[in-house]
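**Student:** show me the folded form of this:
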Amino acid sequence: MASMENYERLRRLESRRRDALGAAVVAKARYLALNGELSSTPTAIERARAEWQNLEAQKVAIAYQIRKLEQLTEASVS
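**Tutor:** Here you go, the predicted model:
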């Protein structure tokens, strides 16, 4: 039963990771576009950079949760 729960949780985490990856790519593109635009304000550029870095950190945190859950699942199977 725990194995099935772990599988479902892993599926949800992988979905969240894909969403975070997509959002991070869009945020990075927005940051780079603003950074290259002469009319962009420093505040807008900094805000875009912070958003991009925040999404990258979320992506890393989710990947860590996935690794931990996989290790837990492997340990319970062994």
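**Student:** flag the shaky bits of this structure, pLDDT-wise.
**Tutor:** 1-2, 78 (pLDDT under 70).
**Student:** spatially central residue for the protein, please.
**Tutor:** K59 (1.9 Å; CA atoms, centre = their mean).
**Student:** quick check: which element contains the closest residue to it other than its chain neighbours?
**Tutor:** Leaving out its chain neighbours, the residue that sits closest to K59 by CB to CB, 6 or more residues apart in numbering is A20, at 4.2 Å. Where C-beta positions appear, they are placed from N, C-alpha and C, glycine not excepted. Under the criterion of DSSP states H and E, A20 resides in helix 2-36.
**Student:** and T41, its phi and psi?
**Tutor:** The phi and psi torsions at T41 (degrees, to the nearest 10) take the values phi -80, psi 150.
**Student:** identify the residues contacting it.
**Tutor:** Listed by CB atoms under 8 Å, 6 or more residues apart in numbering, the contact set of T41 is empty.
**Student:** who are the packing partners of the helix or strand hosting A57?
**Tutor:** Secondary-structure assignment from DSSP H and E places A57 in helix 42-77. The helices and strands touching helix 42-77, judged by 3 or more CB pairs under 8 Å, 6 or more residues apart in numbering; DSSP states H and E, are helix 2-36.
**Student:** just to revisit the earlier point, pull out the buried residues from the helix holding A57.
**Tutor:** Residues 45, 48-49, 51-52, 55-56, 58-59, 62, 66, 69, 73 are the ones in helix 42-77 that count as buried (16 or more other CB atoms under 10 Å).
**Student:** leaving out the residues flanking it, which one is nearest to L10?
**Tutor:** Distances taken as CB to CB, 6+ apart place L69 nearest to L10, at 5.5 Å, with adjacent residues excluded.
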